[in-house]
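Novice: coordinates only, no sequence provided:
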Ligand SMILES: Nc1ncnc2c1ncn2[C@@H]1O[C@H](COP(=O)(O)OP(=O)(O)OP(=O)(O)O)[C@@H](O)[C@H]1O
Ligand SMILES: [Mg+2]
């Protein structure tokens, strides 16, 4: 009994920290629909700034925390005015791309500024001890945190319900168009809300110091749990974020007692369970989903592609083929990787661009393809059937997952895909008997002549070309048009008896199979498969490729996959600070070419 | 990075440049998690840079050729490590691969090395699989493995009266095999012990308060800890505040390494039995020379990574000199049974399982002038705890030697 | 002989607020019926329920004697119901003719939908349907470039594309010039006469309502308060008070 009470208090202390980060994220999303991937980075910077103030400048902890919040608010203003503001007119995921660029830059800049060594956070003066409760000791700082959560929630409630600013924020959260129509200065509002959100994150970071160790990947730890909390609570709902933080923290606190090995999966199991029961989170409403902005992918020319295009395609194919015989082994290796990224990115683009289904977990299918092929291969199957097994596994999983989520949209769907991939990640990680755990599956080397760079390149080229041809055909077939029709006007499409759900499920299956092909090709290129294939960075890579390449162009993901894959490979041989360079380029491109590298030519009066 | 080399990379990427033949330096390709785990790998990098400078100042390797180490970041993923391995072998033409920190990355590179027939000197990764269940003819490992480190600690643990043990370890292979080894070895020495609780926090995501409480709830007599880095700091702080460590011995892997001990500072727990590296207390002439050269060169104190990096370069140079060539078969032959002098004594790569005999220091943590130190320490040579040659050989897959 | 569309006791409320209460009516085959009522009366809600886009709280809807309540919109459409929406919505990123071709191809078999390029689908029927609504020249322009009235016409062609037996139109002529309205409704009437298609439409413009409807249903705050021939509706005091107010009612045009 004592234990249960103490553990509940422990959970609440963790909940407060989670809530501070999640509240800002939710607020920002609610008003501006920005998925701020850099929110964890702001949290981290807040913590580091507070540490600098305390440790280097001798400022008192209790003063340093609000000062750090001010500093991150300014940082937020800089980000919003300098970068995000240019992106609102574009695709809803552009801010995600840009803020991901920021995360990459911070990944290198933070160790340069604050050093690479772990820093143990300073304690809070006056709250360094522990209090005895029922014979157990609870750090007094935890008690402070437990009280802080509701206080911040209350303060936010007052701001939102009792001030003019708050009323505007609420109006904008409920109905953006309405708020805009009422003559509210949107730019000022967005900046103010972004600053407020960042201030909360910075405050959260600073207040976490007495419980946290500072290091440069604190951000990625925080951001995922914060997102999960926001989604469980319902995007845009502060009360929701608070309740969700409490649920997540409590379930984790008691979960580790019952199921200590469950630490990897717990968070995502909670989220998946909540979303299945309440698809818009605990306090979210359907209306709070982002208004859908169709992408308007262009139709293929009705009269078929011009000779020019066919010739160009044939020329590129011939050049790629010739390269297979002329390129150096290393160049072939890079080119193979770039080619392998193509079906992965194309599949993700099929989901996001064509089917209007945002996925943050496309790596799930990459991993399934790789593991399916790897397990079949180690079980003794020859290469071709093994690869087929991987592609099929990923395709079937895609179809099954698609059937489950066919009616879901927006960020909630995106987060379910994330949960799906993370649960598979946890399975690959912990089902050691089958998957070899994090040590992966090794020794996946194909037989000669496919074991040479040239051999694998040529096979990859052939399979990817086939894949492209098949997908191009799909896009020109009714399938592609049905998907686009459903994006343009879903109710209309259903009233026209178009098989919208079927097309979406199929899109998931095809996208899954495409990623599966990439995974299988990758496994045999690398000779190994690891759980990291299922992990979030892989999914993010896919998103970056799609957005960078141009989401409104059928060939965008091709350009994005090639550019990003080659870019990272080349830059990372040039400098150890390649994250910074790649992040900087992403930022620049997002601002300078928000439509991506390829943008469709608009025929006729665009409105 | 200047424009010229950028262009050269581009040209090479496109397959235009002919492989350089005239260059004299002997190139070793080094892959590590420089961006992912800088806290360990940056001192490590300093270590091998120092060694390379010293080796070259003394005339290099193979009778006068300079040694060059070309480093690449793996971002903590096997995929990128393999891209780098490919680049180093195929474009840079390195004669040997070295490095890696994470076990899965190390295993991926080892498998690659066997496939492409290059020697791989795994410096950091701890997993036993590296030289045993996944061992191969081309891979040699420098650092004392998980097995060695836990075996040293299990011996100490067996001397304690404690019967009820709890464990806490990060939820991945390193943590899992450390706990496995520890349980097995301790049970063998002390059939009367039982394990009453275990905690498996996700790496670097320890939720310290609830975890400490869950351990406390089991009322163990002693605790075996495998967490490190930021998880360790949080564990120590919460555990101390909640009295988890009061009157309870803690046996803790790697905690005595300065990489993890220094950040703890004034909060260093006292009396934990740990493996580590008491760098400022080892006063053999060779080690003192190493420490002063390191400090002079980098204006900071050496860490565990520094010593491992330094030894890696020494081992590579010794292997080259013993082989008398840069050919893979010669290097393999040279490394099997190779002995070289490190700042902390002679280290031998056992021919039976390719594991080096580099050992670890075991001792107790203490707070000295507000800083964490290791006291009552002694050095345990790897050869002392490693299974004998015949047993080790049986642990390796047949046919791969 | 049962009615073509038969609605009984239909109920719907939003969060406890009744929007439709015990609505019931029958529409015989081939009739052109108008559903009128003030803003917020529940007309669009009723249409959405009939079309399957919205679920009802209770009641029944029979089409040719078969229950369609609770079916998905696709299934309702397959039973021969076509509809247009209050805010018209053709597929804006497609060309005009692709709007129709997609609908035609949507009913094709699985493999045909995957493999046969849309451009290879027969254009002739689609062009014929377009000329019926006067859009043949615009066939290859992007739908997003259409004027407001043209978009409404395209949507009508889309709703008719599957040859529905029942056509539901939610404010089909809103925002059109009076001459456009008459021409638009003429097209619908032509079609209805030629194929015996039943039509149910909502409309705020009384000239259109009384000019084309052979039957008028009046909805007020979710209740059906009248259901009769146009002449009778014109004289109904309840309807006047609820809806027509003091506005002059135009004389009935000869049908
Ligand atoms: N999603 C919804 N949630 C809550 N109330 C709704 C919703 N949709 C419609 N309503 C309400 O239901 C009532 C009927 O709306 P409906 O759109 O059916 O009216 P209508 O007769 O079509 O009006 P109009 O002539 O303006 O088109 C209105 O009071 C409206 O506010
Ligand atoms: Mg309406």
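Specialist: It's in. Nothing here was measured: the structure is a model prediction, and the numbers come from that model. Numbering: from 1, shown residues only, chains lettered A, B, ... in the order given. Ligands and ions are numbered 1, 2, ... in the order given.
Novice: buried set for whatever helix or strand residue A:15 lives in?
Specialist: In the assignment (DSSP states H and E), residue A:15 maps to helix A:2-32. Residues of helix A:2-32 classed as buried: A:6-32 (neighbour count, 16 or more other Cβ atoms under 10 Å in any protein chain shown). All C-beta atoms are positioned from the backbone trio N, CA, C, and that covers glycine.
Novice: can you give the distance from the helix or strand that comes right after that helix to the centre of its chain?
Specialist: Note on helix A:2-32: by DSSP H and E, the next helix or strand toward the C-terminus is helix A:39-51. The chain centroid and the centroid of helix A:39-51 are separated by 20 Å, computed with Cα atoms, centre = their mean, to the nearest Å.
Novice: also stretch A:421-440?
Specialist: Mean-position distance between stretch A:421-440 and its chain equals 20 Å (Cα atoms, centre = their mean).
Novice: start to end distance for it?
Specialist: End-to-end distance of stretch A:421-440: 17 Å, with Cα to Cα, to the nearest Å as the criterion.
Novice: list the buried residues of it.
Specialist: For stretch A:421-440, the neighbour count (16+ other Cβ under 10 Å) marks A:421-430, A:435-440 as buried.
Novice: check contacts around residue A:226.
Specialist: Going by Cβ atoms under 8 Å, 6 or more residues apart in numbering or on different chains, residue A:226 touches A:18, A:21-22, A:25, A:39-40, A:43.
Novice: name the residues of the helix or strand containing residue A:400 that are buried.
Specialist: Using DSSP H and E, residue A:400 sits in helix A:383-405. The neighbour-count check on helix A:383-405 (16+ other Cβ under 10 Å) flags A:383, A:386-399, A:401-402, A:405 as buried.
Novice: same check on stretch B:80-96?
Specialist: Quick answer for stretch B:80-96 (16+ other Cβ under 10 Å): B:80-92, B:94-96.
Novice: so for that stretch, what's the average pLDDT?
Specialist: In this model, stretch B:80-96 has an average pLDDT of 93.
Novice: and that stretch, anywhere near chain A?
Specialist: Yes: residues of stretch B:80-96 are located near chain A by Cβ under 8 Å from any Cβ of the partner chain, namely B:80, B:82-84, B:86-87, B:90-91.
Novice: cool, and stretch B:239-249?
Specialist: Yes: for stretch B:239-249 and chain A, the contact criterion (Cβ under 8 Å from any Cβ) is met by B:241-243.
Novice: show me the contact partners of that stretch.
Specialist: If you take Cβ under 8 Å, 6+ apart as the criterion, stretch B:239-249 is touched by A:129-130, A:136-139, B:160, B:162, B:208-209, B:212-213, B:215-216, B:220-223, B:238, B:267, B:269, B:271-273.
Novice: quick one: what helix or strand has whichever residue of the stretch 251-400 of chain B sits closest to ligand 2 in it?
Specialist: Taking Cβ to the ion, ligand 2 has its nearest neighbour within the stretch 251-400 of chain B at residue B:263, 65.9 Å off. Applying DSSP H and E as the criterion places residue B:263 in helix B:258-264.
Novice: off-centre distance for that helix?
Specialist: Distance of helix B:258-264 from its chain centroid, counting by Cα atoms, centre = their mean, is 16 Å.
Novice: pLDDT on it, on average?
Specialist: The model assigns helix B:258-264 a mean pLDDT of 92.
Novice: strand partners (parallel or antiparallel) of the very next helix or strand once past it?
Specialist: Next along the chain after helix B:258-264, taking DSSP H and E as the criterion, comes strand B:273-276. Take DSSP bridges as the rule and strand B:273-276 pairs in its sheet with strand B:250-256 (parallel), strand B:360-368 (antiparallel).
Novice: what does the domain assignment say about the chain?
Specialist: You didn't say which chain, so I picked chain A. A:2-216, A:312-535 (automatic domain parsing).
Novice: actually, chain C is the one I wanted.
Specialist: Following automatic domain parsing, one finds the domains of chain C at C:3-87+C:164-244, C:91-145.
Novice: let me have these in TSV, extended by distance to chain B.
Specialist: TSV is the format used below for the domains of chain C (distance: least, Cβ to the nearest Cβ, whole Å):
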stretch	distance to chain B
domain C:3-87+C:164-244	39
domain C:91-145	33
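Novice: for ligand 1, which of those domains is the nearest?
Specialist: Among these, domain C:3-87+C:164-244 comes nearest to ligand 1, with 3.2 Å by Cβ to the nearest ligand atom.
Novice: what about the closest one, near chain A?
Specialist: Yes: judged by Cβ under 8 Å from any Cβ, domain C:3-87+C:164-244 comes into contact with chain A at C:51-53, C:72-74, C:76-78, C:82-83, C:85.
Novice: any chance of the residues you listed in a markdown table with distance to residue A:454 and neighbour count as columns?
Specialist: Compiled in a markdown table, these are given as follows (distance: Cβ to Cβ, whole Å; neighbours: other Cβ atoms under 10 Å in any protein chain shown):
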| residue | distance to residue A:454 | neighbour count |
| --- | --- | --- |
| C:51 | 59 | 22 |
| C:52 | 57 | 23 |
| C:53 | 56 | 18 |
| C:72 | 53 | 14 |
| C:73 | 54 | 24 |
| C:74 | 50 | 19 |
| C:76 | 58 | 26 |
| C:77 | 54 | 26 |
| C:78 | 54 | 13 |
| C:82 | 58 | 26 |
| C:83 | 59 | 28 |
| C:85 | 57 | 22 |
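Novice: could you export the residues you listed as TSV, including distance to ligand 1 and secondary structure?
Specialist: Shown next, in TSV, are these (distance: Cβ to the nearest ligand atom, whole Å; DSSP: H, G, I helix; E, B strand; the rest coil):
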residue	distance to ligand 1	secondary structure
C:51	12	helix
C:52	16	coil
C:53	11	coil
C:72	18	coil
C:73	16	helix
C:74	21	helix
C:76	18	helix
C:77	20	helix
C:78	25	helix
C:82	19	strand
C:83	13	strand
C:85	11	coil
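Novice: residue closest to the middle of chain B?
Specialist: residue B:124 (3.0 Å; Cα atoms, centre = their mean).
Novice: hang on, that residue in a strand?
Specialist: No: the assignment for residue B:124, made by DSSP: H, G, I helix; E, B strand; the rest coil, is coil rather than a strand.
Novice: in this structure it contacts residue B:44, no?
Specialist: Yes: between residue B:124 and residue B:44 there is a contact under Cβ atoms under 8 Å: 7.1 Å.
Novice: shared neighbours, these two?
Specialist: In terms of Cβ under 8 Å, 6+ apart, residue B:124 and residue B:44 are both contacted by the residues B:32, B:101, B:305, B:308.
Novice: of those residues, which belong to helices?
Specialist: B:305, B:308 (DSSP state H).
Novice: and the shared contacts of residue B:124 and residue B:44 as TSV, adding distance to residue A:251, neighbour count and pLDDT?
Specialist: Putting these into TSV (distance: Cβ to Cβ, whole Å; neighbours: other Cβ atoms under 10 Å in any protein chain shown; pLDDT from 0 to 100) gives the following:
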residue	distance to residue A:251	neighbour count	pLDDT
B:32	37	32	96
B:101	33	26	94
B:305	38	27	95
B:308	40	25	97
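Novice: let's have the shared contacts of residue B:124 and residue B:44 in CSV, adding distance to ligand 1.
Specialist: Formatted as CSV, the shared contacts of residue B:124 and residue B:44 follow (distance: Cβ to the nearest ligand atom, whole Å):
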residue, distance to ligand 1
B:32, 58
B:101, 56
B:305, 61
B:308, 65
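Novice: how about the residue in the stretch 301-401 of chain B that chain C sits nearest to, what does it touch?
Specialist: Using Cβ to the nearest Cβ, the closest approach of the stretch 301-401 of chain B to chain C is made by residue B:397 at 46.8 Å. By Cβ under 8 Å, 6+ apart, the residues touching residue B:397 are B:133-136.
Novice: good, we can wrap up now.
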